[in-house]
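Student: For reference, the sequence and a predicted model appear below.
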Amino acid sequence: MLEFLLQGFLLGLAYLAPIGMQNMYVINSALRMSRLRAYQVAFFTILFDISLALAAFFGVGLLLDAFPFLKGALLLIGFLALSYMGIKLALSKPELKDTAMDGSLFSIAFACFAVTWFNPQALLDGTMLLGGMRAALPAPAWSVFIAGVALASVSWFTGLATATSMLKGVLDGKALRFINVICGVVLAAFGLLLGYELLKLMW
């Protein structure tokens, strides 16, 4: 089961690392606010990110149980989506952009919720990614795998807030570009894994 925990952890990191709405909010909060406030932002982001991952993973799983023929379709879509995302990320050129900050804890919590749940791309990618992986995993490994994804969320956003706070004067576009290349390669590799599972299902 350790293998599936590690798979979930690595996939979670690859899914979270691309510089998107969540990461930009955490980065900007760490650049502009105290370290305590940055950790509060990270906590709320983790909370909503894990809730989204659970919804995507188990929600799609219910559909797979009700309609077994969807497994092949999800594997195909997951293979195409991850391969595309990986290539797109590896070629992208991220930039640090300003994000408006509000001092109240409630407004920060709502912002963390918004950048997670009100992001159509995150909802779509999460469903394709986690739903596709659930289709490829044996049932006993589901809880272990999603635990790895949750652990990745905790590790990533806590680490991001810490590193950004400590390295405010060093972080630049080149560092973000490096992150995108690494996670793009990993996402593409998971896409190939889903393609392999699809071929096995067809055979």
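Tutor: Received the coordinates, thanks. Numbering: from 1, shown residues only.

Student: Please identify which helix or strand holds the closest residue to Arg37 other than its chain neighbours.
Tutor: Leaving out its chain neighbours, the residue that sits closest to Arg37 by CB to CB, 6 or more residues apart in numbering is Ser29, at 6.5 Å. To be clear about C-beta, it is placed using only N, CA and C from the backbone, and glycine gets the same treatment. Assigned by DSSP states H and E, Ser29 belongs to helix 21-32.

Student: Quick check: which helices or strands does whichever helix or strand comes after that helix pack against?
Tutor: Where DSSP H and E defines the elements, the next helix or strand beyond helix 21-32 is helix 35-66. With contacts defined as 3 or more CB pairs under 8 Å, 6 or more residues apart in numbering; DSSP states H and E, helix 35-66 has these neighbours: helix 21-32, helix 70-91, helix 105-117, helix 120-136, helix 142-166.

Student: Helix 35-66 to helix 142-166, inter-axis angle?
Tutor: Here helix 35-66 runs at an angle of 160 degrees relative to helix 142-166 (axes from the mean of the first three to the mean of the last three CA atoms, to 10 degrees).

Student: Show me which positions of helix 35-66 end up buried.
Tutor: The neighbour-count check on helix 35-66 (16 or more other CB atoms under 10 Å) flags 37-50, 52-53, 56-57, 60-61, 64 as buried.

Student: Could you tell me how far that helix lies from the centre of the chain?
Tutor: Helix 35-66 sits 9 Å away from the centroid of its parent chain (CA atoms, centre = their mean, to the nearest Å).

Student: about what we covered before: run a quick neighbour tally on the residue nearest to Arg37.
Tutor: By other CB atoms under 10 Å, 25 other residues sit near Ser29.
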